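A.B. asks: Sharing a sequence plus its predicted fold:
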Amino acid sequence: MRLTQIAFGYFKRYVENEISNARGKYIYKNIWGWKRIDFDKRPWVYTEDRPWTDAAKRANLPSELKKRGKIWVEPIKEWKIFKGDRRELHFGMPNKITEGILLGLGNPLLDITVVCPDNALLDKYGLLANNAILAEEKHRPLFEDMVHNYQTEYLPGGATLNSVRVAQWLLQTPRATTFFGGVGKDKFAEILENKSLDVGVNVRYQVHEGIQTGVCGAIITGEDRSLVTELGAAQCFSVDFLKQPENWKLVEAAQCFYAGGFILPVSKESVLALSHHCAETNKTLVMNLHATFLCDMFADPELNLMSYVDILFGNSDEAAVFCPLVGIKSTDLKEMALEVSALPKANKKRERIVIFTQGRKPTVIAHLGKVKEYSVEAIDPDLIKDTNGCGDSFVGGFLSQLVQGGSLEDCMKCGFYAAKVVIQHYGCQYPDKPNFTV
């Protein structure tokens, strides 16, 4: 055993010596042990090749280092030797949760939920018990009516903000996420901001005076849920606000960006600004089709948005509308996902991942020319309270592992976990602490 320890000790010093020499450092040994003398230091990039091999040294030639750019690495803690070995993290993301690592851009809405014993409120405003609509003029007084005459519950809402909140909850690191959107200057905006800050999201709202903050009224009667949405100030977000120096610093600090499709009709310029930034800096852009009526914008050749998308979410209905718009003729979901993943990309350093959900049926993923199905874990129907935030929470769970450098399997596992938790609550809610392990 003693001889083995001595041998390993010498071998470790040999590895250190080889790396040091390649970096312009020289190690010599005197009676006091190993010493280092530093000369012209050069960066060293760890590769899959052992550090003393010619292949590793060739990879560290100045001409090769310029080509590589920055690569995030993770130590393999269980290895006792070969410390120079490297494991490149999935999607090239860092494993340290830094402040603002995930940035979301979307339409913030304040969800106002009331539970009614009968249909009186529905009848008063001509609403159906199980429906979702955009507010008309006759619905304007509804939200004040809910606030003043019913017991209300407030939650930050909007599809993208829901996903960011779930990611923040799973990351359990204050201000790990940032969210941009537009609000009014009113009490709804104050509630929306405070509720978001309470869970740790760093919100950056563009305030529009004279325009009401976007709200979504949810009227629950029995097992039915009637949704009335007034987008309000969420429709007024502009790229000028995003590019303000103090805001653009947050963009530069982020490593992963999530923009929902719903923001495209509001400010496609903002989405393109983030898209170009991601391509230029080799960061990750994640987008969601979000609705069939938005597929035209994703397929618009003038916008050329899809060339910047690194990870695309959508459901089977959205996929069926989107694929023909980009010349994909197949009607098989797996083939559709595969062809979408192969569409041209601006940043060729990242292979596109396409994720198509289909309710209880397996989720389809295409990546690196292959397709895989992930089964959705069944849940007792008696535990289901509200499916409205299920898709948003799935994306949030996925993103929480993505920014930590998790594998695709880990990202999917966490997405399913988050959806299973949120589906057992009204609205996009969850316990104080997550119970997820990789």
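C.D. replies: Perfect, I can see it now.
A.B. asks: What about residue 435, how many residues nearby?
C.D. replies: Neighbours of residue 435 under the rule other CB atoms under 10 Å: 7. Any C-beta I mention is one placed from the backbone N, CA and C, and that applies to glycine too.
A.B. asks: what's the helix or strand for it?
C.D. replies: Element membership of residue 435 [criterion: DSSP states H and E] is none; it lies in no helix or strand.
A.B. asks: Residue 196 now?
C.D. replies: helix 187-198.
A.B. asks: for that helix, what is the average pLDDT?
C.D. replies: Averaged across helix 187-198, the pLDDT comes to 89.
A.B. asks: buried stuff in it?
C.D. replies: Across helix 187-198, burial judged by 16 or more other CB atoms under 10 Å covers 188-189, 191-193, 195-196.
A.B. asks: can you put the residues you listed in JSON lines and add distance to residue 301?
C.D. replies: JSON lines is the format used below for the buried residues of helix 187-198 (distance: CB to CB, whole Å):
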{"residue": "188", "distance to residue 301": "39"}
{"residue": "189", "distance to residue 301": "37"}
{"residue": "191", "distance to residue 301": "41"}
{"residue": "192", "distance to residue 301": "36"}
{"residue": "193", "distance to residue 301": "38"}
{"residue": "195", "distance to residue 301": "40"}
{"residue": "196", "distance to residue 301": "36"}
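A.B. asks: which one among those residues gets closest to residue 423?
C.D. replies: Of all these, residue 195 has the smallest distance to residue 423: 20.5 Å, by CB to CB.
A.B. asks: residue contacts, the closest one?
C.D. replies: Contacts for residue 195 were tallied using CB atoms under 8 Å, 6 or more residues apart in numbering; they are 110, 154-156.
A.B. asks: Please enumerate the strands of the stretch 51-200 of the chain.
C.D. replies: 73-74, 87-88, 102-105, 109-115, 131-134, 152-157, 177-184 (DSSP state E, counting those that start in this stretch).
A.B. asks: And the buried ones among the contacts of residue 195, selectable in PyMOL?
C.D. replies: The PyMOL selection below is limited to those of the contacts of residue 195 classed as buried (16+ other CB under 10 Å):
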select buried, resi 110+154+155+156
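A.B. asks: Dump the contacts of residue 195 to a markdown table, plus pLDDT and distance to residue 320.
C.D. replies: Shown next, in a markdown table, are the contacts of residue 195 (pLDDT from 0 to 100; distance: CB to CB, whole Å):
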| residue | pLDDT | distance to residue 320 |
| --- | --- | --- |
| 110 | 91 | 33 |
| 154 | 88 | 36 |
| 155 | 86 | 31 |
| 156 | 88 | 31 |
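A.B. asks: can you pull the pLDDT of the closest residue to residue 102 other than its chain neighbours?
C.D. replies: Residue nearest to residue 102 in three dimensions, not counting chain neighbours: residue 177, with 4.6 Å by CB to CB, 6 or more residues apart in numbering. Note for residue 177: predicted pLDDT of 96.
A.B. asks: for the one 3 residues further on, same thing?
C.D. replies: The predicted local distance difference test score for residue 180 is 97.
A.B. asks: Counting neighbours, what do you get for it?
C.D. replies: Residues lying near residue 180 (other CB under 10 Å) number 27.
A.B. asks: Make sure it is actually in contact with residue 103.
C.D. replies: Yes - using CB atoms under 8 Å, residue 180 is in contact with residue 103, at 7.3 Å.
A.B. asks: Can you spell out the domain ranges of the chain, please?
C.D. replies: 2-88, 102-422 (automatic domain parsing).
A.B. asks: what would these look like in CSV with distance to residue 432?
C.D. replies: Output for the domains of the chain, formatted as CSV (distance: least, CB to CB, whole Å):
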stretch, distance to residue 432
domain 2-88, 29
domain 102-422, 9
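A.B. asks: So which of those domains has the densest surroundings on average?
C.D. replies: Burial of the domains of the chain is given as mean neighbour count (mean count of other CB atoms under 10 Å); domain 102-422 ranks first at a mean of 19.
A.B. asks: Beta-bridge partners for the closest residue to residue 219 other than its chain neighbours, please?
C.D. replies: Among residues not flanking residue 219 along the chain, residue 226 sits closest, at 4.5 Å (CB to CB, 6+ apart). Taking DSSP bridges as the rule, residue 226 bridges to residue 131, residue 219.
A.B. asks: How about the contacts made by residue 226?
C.D. replies: 122, 127-132, 218-220.
A.B. asks: check contacts around residue 151.
C.D. replies: 114-115.
A.B. asks: any idea how far it lies from residue 117?
C.D. replies: Separation of residue 151 from residue 117 (CB to CB, to the nearest Å): 11 Å.
A.B. asks: go on, residue 241?
C.D. replies: Relative to residue 117, and taking CB to CB, residue 241 is found at 43 Å.
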